[in-house]
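A.B. asks: coordinates only, sequence not included:
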């Protein structure tokens, strides 16, 4: 069975500081991995996805994620956050035509 | 620009009422999904559909039904609303066939059942 664990429910970080949001998955087969973002009062939108190839994936708004097969992780990073990055971030893994989402990590940007 | 719309942003209903949540997508996607989102629980799949008149149960289908009469429209029905169905409901759509297809989400409907 596939599952996704987001280790932090909330992450506070100062503006312009770097951030890492952690995600681990469990799967017995090759997977496709995603990060989605949900801004306040909006639906989710795709930040980035890993399908194959390079383990470092770049997404929108300066975010990137690194696929680590040995550690079954897909952590999301940004070198310098902005107040506009305040949102909830969801890691997800594919399962046939469905996607399994993690429980989300709220990113709080402190002035 | 891709578009998934949901009929209401906010809805207040009484216990026992029949509730319809509508979702429309303009991308000619085969797959459509209904999720509910609750604090600390993330997104949980209620129902999904691969094609017109087809539906599959997700992880939490109890108390819900769906209808897909047209490709672009996927309705979620609460036959008799209960207070534990107070939640944010999100609709999504994607192309059929590939596990890595992006899901596109609507803005959500926040339902309060009194």
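C.D. replies: Looks like it came in fine. Computed from a predicted model, the values in this text were never measured in an experiment.

A.B. asks: could you pull out the strands in the chain for me?
C.D. replies: Let's take chain A. Secondary structure of chain A (DSSP state E): strands located at A:3-6, A:10-14, A:19-21, A:23-26, A:33-38, A:44-50, A:56-58, A:64-68, A:73-78, A:87-95, A:98-101, A:105-110.

A.B. asks: hm, I was asking about chain B
C.D. replies: Counting by DSSP E, the strands of chain B are B:4-6, B:10-13, B:19-25, B:31-38, B:42-49, B:56-57, B:64-70, B:73-78, B:87-94, B:104-105, B:109-113.

A.B. asks: re earlier: and the strands of chain A: which comes nearest residue B:55?
C.D. replies: strand A:98-101 (13.3 Å; CB to CB). Where C-beta positions appear, they are placed from N, C-alpha and C, glycine not excepted.

A.B. asks: is the closest one in proximity to chain B?
C.D. replies: Yes: Strand A:98-101 lies within reach of chain B by CB under 8 Å from any CB of the partner chain, at A:98-99, A:101.

A.B. asks: what do you get for stretch A:51-67?
C.D. replies: Yes: Stretch A:51-67 is in contact with chain B by CB under 8 Å from any CB, via residue A:51.

A.B. asks: picking up where we left off before, of the residues of strand A:98-101 next to chain B - the most surrounded one?
C.D. replies: residue A:99 (27 neighbours; other CB atoms under 10 Å in any protein chain shown).

A.B. asks: distance check, the closest residue to it other than its chain neighbours against residue A:109.
C.D. replies: Leaving aside its sequence neighbours, residue A:99 sits nearest to residue A:92 (CB to CB, 6 or more residues apart in numbering or on different chains; 4.7 Å). Remark: distance between residue A:92 and residue A:109 (CB to CB, to the nearest Å) = 23 Å.

A.B. asks: what about those two, which has more around it?
C.D. replies: The neighbour comparison of residue A:92 against residue A:109 (other CB under 10 Å) goes to residue A:92, with 26 against 19.

A.B. asks: next up, the contacts around the more buried one.
C.D. replies: A:4, A:33-36, A:99-102 (CB atoms under 8 Å, 6 or more residues apart in numbering or on different chains).

A.B. asks: with respect to residue B:64, which of the residues you listed is nearest?
C.D. replies: Using CB to CB, residue A:101 is the member of the contacts of residue A:92 that lies nearest residue B:64, at 18.1 Å.

A.B. asks: that closest one touches residue A:94, doesn't it?
C.D. replies: No: here residue A:101 does not reach residue A:94: they are 10.9 Å apart, not a contact under CB atoms under 8 Å.
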